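In: predicted coordinates and the sequence they were generated for:
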Amino acid sequence: MPVTLEQLEKRAAAIRTGGKGSVRRTVKHTHKSTGEDPKVQAVLKKLGVEPMGDIDEATLLRTDGSAFVFTKPKVQTSMQSQCLVITGNYATKSATEMAPFLAADIKKALETKA
């Protein structure tokens, strides 16, 4: 079955994004984010960081008394550049929430040294 001029115009009008005379776009390309910035990954590669073993939780204390608590973080270190990279989801907690947990962690650390 031959394709007529009317059928071609109908198909062209269906995929045209603008008005008459505009460029036709057959497929709309969407850019997918991988979740990690390639520039950041390039800098980390230059620093020579390597992943550490399985870490369940990381806590970073701030000067204002609050803390960032990372659960199941991805931790990477480099001894040569003295760099520590912690990535992942975190929650911000106040010092009053963290006090019992920190006291237990310090006590456990002191017992293992003795």
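Out: Received the coordinates, thanks.
In: can we go C-alpha only for contacts and neighbour counts from here?
Out: Will do.
In: from the chain's centroid, how far away is the host helix or strand of Leu44?
Out: Using DSSP states H and E, Leu44 falls within helix 38-47. Between the centre of helix 38-47 and the centre of its chain there are 14 Å (Cα atoms, centre = their mean, to the nearest Å).
In: now stretch 1-13
Out: Distance of stretch 1-13 from the chain centroid (Cα atoms, centre = their mean) equals 47 Å.
In: coming back round to it: I'd like the next helix or strand past the helix holding Leu44.
Out: Of the helices and strands lying after helix 38-47 in sequence (DSSP H and E), the nearest is strand 50-51.
In: tell me which strands that following strand pairs with, and in which orientation.
Out: The pairing partners recorded for strand 50-51 under DSSP bridges are strand 74-78 (antiparallel).
In: what's the mean pLDDT across the helix or strand just after the strand it pairs with?
Out: Counting by DSSP H and E, the element after strand 74-78 in chain order, helix or strand, is strand 83-87. Averaging pLDDT along strand 83-87 gives 91.
In: then strand 83-87 to PDB, C-alphas only?
Out: Output in PDB follows, covering the C-alpha atoms of strand 83-87 (Å, rounded to 0.1, in the frame of the first residue of the first chain):
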ATOM      1  CA  CYS A  83      40.900  12.300  53.500                       C
ATOM      2  CA  LEU A  84      37.700  10.700  54.700                       C
ATOM      3  CA  VAL A  85      34.600  10.600  52.500                       C
ATOM      4  CA  ILE A  86      31.200   9.600  54.000                       C
ATOM      5  CA  THR A  87      28.200   9.500  51.600                       C
END
